[in-house]
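In: show me the folded form of this:
(one chain, ligands or ions: 1)
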Amino acid sequence: MADYHGMWKELNIDLKTHDLLCDALPPLYEGIYLDQGNRPETMDYFNMVVAEVHGARIKELMDFKAKGNKVVGAFCIYVPEELVLAAGSQLVGLCAGSEFWVPPGEKVLPRNTCPLVKAGVGARISRTCPYFQSVDLIVGENTCDGKKKAWEILAEEAPMYVMDIPNVKSRSGMALWKSEVKSLSEKLEKLTGKTITSSNLKEAIEKVNAKRIALQKLNDLRKGDVVPISGKDALLVSEIAFYDDVDRFVEKVQVLTDECVERVQKGETPFNPGAKRIMVTGSPLVLPNWKLHHLVESTGNPVVVEENCTGTRYYEQTVDGSPSDLGGLMDNLASRYIENIHCACFTPNDGRLDDIVRLAKEYRVDGIIDYSLSFCTTYLTEGTKVRDRLKQEGIPVLSLETGYESGDEGQLKTRIEAFIETLE
Ligand code: BJ8
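Out: Alright, predicted model coming up:
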């Protein structure tokens, strides 16, 4: 990475502490990613994105802002990217996947809060994330208790707007959601001074649909006997979808997919024949939380699908952009998000159980790891229903709860190995 200290200083970054973070990422990435054998060559682009995560991409966003445009940050896949793009701004995922930000978060939040929330707040108050420092607006949501209370604290530090997400998929829940989508569009119009019209919304829908379709095509290749890409690499690509330039990302994913198609034809895979196919379901795995995938794949067995918000929940469904009027497009946008994303914050949430079973068949998995971030009450509690349903279906499952820390990796690996040994 080039020297970006001047840019970071302008962003009011705590340079000394941020240097420590920048020093920690390369060895972590090397050990988890670069040391893998038999990777697709076109993963090089994604390696570069990680190397430049606090550099080149931030510079692009700063250049974009210098032209009078706005950058919006979000934590949740219920925040519609299409609206942000239609209003002429860009959306970045505020990843919050690093243990580095947990201690500063614990200064203002209870220790028994999930690490994603602690890291999100910690990144901002420690002034060590250039994304948090460069956003003009953070769109939060009241999906879970940890988030909704943390945003009150974050609002004292950063410009926040909180969406009121229903927790029941009823008629009144849908009415609330539609009015929230409308309110967000008004907020974005006010922020950017740009009106959302049928034409710019249609264009934005096409753009985001292209991103989701590119991810679908890449991930479809993980269904076959020859798995051309590791779960770690596939996860990384999905994580990068949250903050890369949309058009460039689509182009690079298409190139990677073309290479993976060739790899399948040639029988090239990082895994040995007979390896067990694992699904991961549960809490999101945001950059740079590669811990679970690394533990699983270091046993020689692939993760072939992720039923989570950095996996199928993010890319499986597109928005029907066929209506020519703004009302029709807004209705379709609202429906795509509420009807198809099955977050454990909803009750009941049987759609997620159906999705897990469907995906287990489509990806022909041998076993499932139901993963919950520490203290994530919604996913931990839903774990009982997941286990009951998988028992009925005869699909083996292992439930794991962990955070971003590395201290429990030995114990987790032992449990994962023991689970995989039981799979037929
Ligand atoms: S749609 S999963 S991205 S809310 S892990 S903060 S739930 S205590 S992240 Fe999520 Fe949107 Fe749902 Fe997806 Fe709370 Fe659990 Fe922490 Fe979570």
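In: now do the same contact list for residue 195.
Out: For residue 195, the contacting residues are residue 189, by C-beta atoms under 8 Å, 6 or more residues apart in numbering. Quick note: C-beta positions are derived from backbone N, CA and C, even for glycine.
In: got the phi and psi for the most centrally placed residue in the chain?
Out: The centroid of the chain falls nearest to residue 310 when counting by C-alpha atoms, centre = their mean (3.3 Å). Phi and psi for residue 310, reported as degrees, to the nearest 10, are phi -110, psi 30.
In: all strands for this protein, in order.
Out: Counting by DSSP state E, one finds strands in the chain at the ranges 71-74, 90-93, 137-141, 160-163, 278-282, 303-307, 367-373, 397-402.
In: of those strands, which is nearest residue 39?
Out: strand 303-307 (14.8 Å; C-beta to C-beta).
In: other SSEs contacting the closest one?
Out: Packing partners of strand 303-307 (3 or more C-beta pairs under 8 Å, 6 or more residues apart in numbering; DSSP states H and E): helix 231-240, strand 278-282, helix 291-297, helix 312-315, helix 350-362.
In: partners of that strand in the sheet?
Out: Here strand 303-307 has these sheet partners by DSSP bridges: strand 278-282 (parallel).
In: for the partner strand, buried residues please.
Out: Neighbour-count burial for strand 278-282, with 16 or more other C-beta atoms under 10 Å as criterion, is recorded at 278, 279, 280, 281, 282.
In: how about the nearest residue to residue 240 once chain neighbours are set aside, what does it touch?
Out: Nearest non-adjacent residue to residue 240, counting by C-beta to C-beta, 6 or more residues apart in numbering: residue 49, 5.4 Å away. Going by C-beta under 8 Å, 6+ apart, residue 49 touches 57, 240, 244.
In: and the last one, how many neighbours?
Out: Pointing back at residue 244 there. Using other C-beta atoms under 10 Å, residue 244 has 23 other residues around it.
In: how near is it to residue 176?
Out: Between residue 244 and residue 176 the distance is 32 Å, computed by C-beta to C-beta, to the nearest Å.
In: repeat that for residue 232.
Out: From residue 232 across to residue 176, the span is 38 Å (C-beta to C-beta).
In: look at the two and report which has more neighbours.
Out: Taking other C-beta under 10 Å, residue 232 and residue 176 do not tie; residue 232 has more neighbours (23 against 17).
In: so what's the more buried one up against?
Out: By C-beta under 8 Å, 6+ apart, the contact set of residue 232 is 32, 33, 36, 290, 293, 294, 297, 303.
In: show me which of the contacts of residue 49 is closest to residue 2.
Out: residue 57 (12.5 Å).
In: next, count neighbours for the closest residue to that closest one other than its chain neighbours.
Out: Nearest residue to residue 57 in three dimensions, chain neighbours excluded: residue 243, at 6.6 Å (C-beta to C-beta, 6+ apart). Using other C-beta under 10 Å, residue 243 has 22 neighbouring residues.
In: can you check the one 5 residues further on too?
Out: Other residues near residue 248 come to 12 when the count uses other C-beta under 10 Å.
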